[in-house]
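Colleague: Give me a 3D structure for the following:
(chains A and B)
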Amino acid sequence: MTHIQMTLPDGSIKELPAGSTPLEVAESIGPRLAHDAVAAVVDGVTIDLNVPLERDATISILTPRDERGHEVLLHSTAHLMAHAVKTLFPQAKLAIGPALEERFYYDIELEEPVTPELLEKIEAEMKRLSDADYRVERRVLSQPEAAQLFKGRGEDYKVEIISEISAGDTISAYSQGDFIDLCRGPHVTSTGRIKYFKLLSTSSAYWRGDERNNVLQRIYGTAWGSRKELNTYLHRQEEAKKRDHRKLGRDLDLFSFHAIAPAHPFFHPKGTIIYNELVEFMRSLYFKYGYDEVITPQIFGVELWKKSGHWEHYREHMYIIADDEDPERWKGVKPMNCPGHTLIYSAKHRSYRELPLRLADFGRLHRFEKSGVLSGLTRVRSFSQDDAHIFCTPEQIGAEIQSLFAMVQEVYAVFGFEDVEVKLSTRPEKSMGDPESWDKAEVILSDTLTQSGINFQVEAGEGAFYGPKIDYFIRDALNRRWQLTTIQLDFSLPERFGLTYIDDHSQEQRPVMIHRALLGSLERFIGVYLEHTAGDFPLWLAPVQAIVLPVSEKRLEYAGQVKKALRSRRIRAEVDQRDEKIGAKIRQSELGKIPVMLIVGEKEEQSNTVSVRRRHQGDLGAVALTELIESLSEEIDNRTRSNTQ
RNA sequence: GCCUACAUAGCUCAGACGGUAGAGCACUUCCUUGGUAAGGAAGAGGUCACCGGUUCAAAUCCGGUUGUAGGCUCCA
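Modeller: Here you go, the predicted model:
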């Protein structure tokens, strides 16, 4: 009998008879692993546990704790759900059912509306199918076989998918009991392996995401390797709801919306403080990094938008002011600052000595977003960005990008963003400018990223039509990904607006533009940061930084003096003047997420001190008022992060 | 924009069968003058999102509109 050698991830080698399966490899390692295993990676390819191994290879056993293993479990659970739906509604037609991060969905054509009650019923059926512990079996089919099989089962969507698979590719199907689904796999070996799952929500989706196609019902669910992990996930989702920025914004009195102006936020006094502090922070960096701030118009004649290309490419997102008398005099409200900045650039002749010219603008932008995409502060129609455009020579691009990375790092350090993803998007099919300068620019961007030690993914063909770009993404409380920072090279706009500078040989040259925003939209940033911190802002951003809590009304006057002393040093202090006991005032301040509480009673008044209570730290004892002011000022000036982040 | 669901007091939510609205918190006033997460009492507050229809009678049934939520597509 021949033997094969399987190399494990730790470098050790297991020798087994040829034809052994990955499951047997797992068993030879340990019963726990064999029990948890969902699939295996053999020589880099993910395969089922019951595939016979015929030759030497490297192998690693996947469990739901690995990302790839979890994906297999999720995918198998999607099949289990489809199986349950088909059992309950044999006429249902299956579309696609992939795994997401931590979740899966299946799109199904189903007459029945999927109510919460039906969701429970499907879940119960899934439990039953899991308990029945059907073997999951893989079959390889030829294209005609596959087409015939699924046509016979009325699975029109599957038939369509099969017709598009190229002839040479392997077509496989997985069956469990009387259920069969077209699938590449791999899958768990039996339905009994899927135990800890929950259906989460329903929505609708179009076949292939195209609104001209049939509407399908989409059912979302999740699955995990243990009860504990499932519960942890569900608990995390519950917690995430509590830090939804829309709820926090209302509870903390930061902003609101009104039906009369959908998706145009109203910033209340407290929200406005946060907004302005962010702007001041960016201004301090602009000073350091050599930016000049400008103020530009809100409304421009459409000529400008025709010239910039927005009329052609972006008109459906623009607010247009029509003039019935004269169509030539239509106006467009700006959705972006860039065209306005080119007008400042070309207001005079520019020398190479002036470059790079960095123009920053907090101007308000309006974009008509489709009603269905709006969401709280993260997707609005009126917003402003920490926007700037850098006009520079082609040779200066590298240095500018480098300086931007340093700036981004400085910004993210202040806010404590660690889970950041960076993407480099390259030339799309439809692009402006010559391919050579694109290639050059892409090389500059990727080299600079590498030199700066930044991990990034390349998104081929995802660049803007006018140039390649680098985007930074962070995640909100619900693990949704949001783009904050964007750095975009632009060869097109300088061309369209005929921008020039005179080089050191008295020759006219074309500058390059870099569009960049670090926080992105301030509105979105506030939304994301609220969720990131659960509303626990660092002292420098907190709308009320300190609240004075008099123990009784007899101390109101002293409380007023303390407030005045703090405010004279620009510390945002208030007094809780309500006729309440100290416990109630503390509770109120804690719920309002005020970072510093200053309790003043008879003792404090006599010694000119305050008793400090910091959120998340509790009672810190009495401190001299002057001393407190110094330490708070320092914390604010340094923009220290709060200790809970 | 499309699909599905939802819309009752500032907030969170009750209001089978159609008979014309209720709680807790918040708010106001009074009592209480208190030491590190809720002291007590009283009061005020709603054209039940909007428009129309059915009905003797609509928060409740039907249609439309608007907004919101979760998706699809798009994006800062």
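Colleague: contacts, neighbours, all on C-alpha from now
Modeller: OK.
Colleague: residues from the stretch 101-250 of chain A in reach of RNA strand B?
Modeller: A:113, A:201-206, A:208-211, A:215, A:217-218, A:246-247, A:250 (Cα under 7 Å from any atom of the strand).
Colleague: For the closest residue to A:Glu15 other than its chain neighbours, which three-state class applies?
Modeller: Distances taken as Cα to Cα, 6 or more residues apart in numbering place A:Gln5 nearest to A:Glu15, at 4.6 Å, with adjacent residues excluded. Counting by DSSP: H, G, I helix; E, B strand; the rest coil, the backbone at A:Gln5 sits in strand.
Colleague: Look up how far A:Leu200 lies from the residue in the stretch 101-250 of chain A that RNA strand B sits nearest to.
Modeller: Proximity of the stretch 101-250 of chain A to RNA strand B (Cα to the nearest atom of the strand) peaks at A:Gly209, 3.4 Å away. Going from A:Gly209 to A:Leu200 by Cα to Cα, to the nearest Å gives 21 Å.
Colleague: And the two? Which one has more around it.
Modeller: A:Leu200 (16 against 11; other Cα atoms under 10 Å).
Colleague: contacting residues around the helix or strand that contains that one?
Modeller: Assigned by DSSP states H and E, A:Leu200 falls within strand A:196-206. Strand A:196-206 has contacts (Cα atoms under 8 Å, 6 or more residues apart in numbering) with A:77, A:107, A:114, A:119-120, A:123, A:212-227, A:230.
Colleague: Any idea how far that strand is from the middle of the chain?
Modeller: Centroid separation for strand A:196-206 versus its chain: 21 Å, with Cα atoms, centre = their mean, to the nearest Å.
Colleague: Sketch out the low-pLDDT regions of the stretch 1-150 of chain A for me.
Modeller: A:1, A:113, A:115-117 (pLDDT under 70).
Colleague: Now do the strands in the stretch 251-400 of chain A.
Modeller: For the stretch 251-400 of chain A, applying DSSP state E, counting those that start in this stretch gives strands covering A:255-256, A:266-267, A:292-293, A:299-301, A:320-321, A:331-333, A:357-361, A:364-366, A:382-392.
Colleague: quick one: which of the ones you listed is nearest A:Arg613?
Modeller: strand A:255-256 (27.3 Å; Cα to Cα).
Colleague: any idea of the mean pLDDT in the closest one?
Modeller: Across strand A:255-256, pLDDT averages out at 94.
Colleague: partners of it in the sheet?
Modeller: Strands adjacent to strand A:255-256 in the sheet, as given by DSSP bridges, are strand A:266-267 (antiparallel).
Colleague: so, in contact with RNA strand B or not, the strand it pairs with?
Modeller: No - judged by Cα under 7 Å from any atom of the strand, strand A:266-267 makes no contact with RNA strand B; its nearest approach is 11.7 Å.
Colleague: Nearest to RNA strand B: which residue in chain A?
Modeller: For chain A, Cα to the nearest atom of the strand, closest residue to RNA strand B: A:Ser552, 2.6 Å.
Colleague: Please work out how many residues are found near that residue.
Modeller: Neighbours around A:Ser552, by other Cα under 10 Å: 16.
Colleague: Over to A:Gly97?
Modeller: Neighbour number of A:Gly97 under other Cα under 10 Å is 23.
Colleague: excluding its backbone neighbours, what's nearest it?
Modeller: A:Tyr106 is the one closest to A:Gly97 (Cα to Cα, 6+ apart), at 3.8 Å.
Colleague: which residues of the stretch 401-550 of chain A fall in helices?
Modeller: A:435-451, A:492-496, A:522-533 (DSSP state H, counting those that start in this stretch).
Colleague: Just say which of those is most tucked in.
Modeller: When these are scored by mean count of other Cα atoms under 10 Å, the highest mean neighbour count falls to helix A:522-533 (a mean of 22).
Colleague: Quick one: list the elements packing against that helix.
Modeller: When contacts are defined as 3 or more Cα pairs under 8 Å, 6 or more residues apart in numbering; DSSP states H and E, helix A:522-533 sits against helix A:245-251, helix A:269-289, strand A:382-392.
Colleague: Let me know which of these is tucked in deepest.
Modeller: Highest mean neighbour count among the helices and strands packed on helix A:522-533 (mean count of other Cα under 10 Å): strand A:382-392, a mean of 23.
Colleague: quick one: strands adjacent to that strand?
Modeller: strand A:357-361 (antiparallel), strand A:364-366 (antiparallel), strand A:512-521 (antiparallel).
Colleague: distance of the spatially most central residue of chain A from A:Leu404?
Modeller: Closest to where the C-alpha atoms of chain A average out (Cα atoms, centre = their mean) is A:Arg481, at 1.4 Å. Using Cα to Cα, A:Arg481 is found at 22 Å from A:Leu404.
Colleague: just the strands in the stretch 51-200 of chain A please.
Modeller: A:57-62, A:93-94, A:104-109, A:136-141, A:171-176, A:179-182, A:196-206.
Colleague: What helices and strands are in contact with the fifth one?
Modeller: Here strand A:171-176 touches strand A:136-141, strand A:179-182, going by 3+ Cα pairs under 8 Å, 6+ apart.
Colleague: ok, now with 10 Å
Modeller: Contacts defined by 3 or more Cα pairs under 10 Å, 6 or more residues apart in numbering; DSSP states H and E place strand A:171-176 against helix A:67-88, strand A:136-141, helix A:143-152, strand A:179-182.
Colleague: by how many degrees do that strand and strand A:136-141 diverge?
Modeller: Counting by axes from the mean of the first three to the mean of the last three Cα atoms, to 10 degrees, strand A:171-176 points 150 degrees away from the direction of strand A:136-141.
Colleague: Filter the contacts of strand A:196-206 down to the ones in strands?
Modeller: A:107, A:215-224 (DSSP state E).
Colleague: farthest-separated two in those?
Modeller: Longest span within those, Cα to Cα: A:Val215 and A:Trp224, 29.4 Å.
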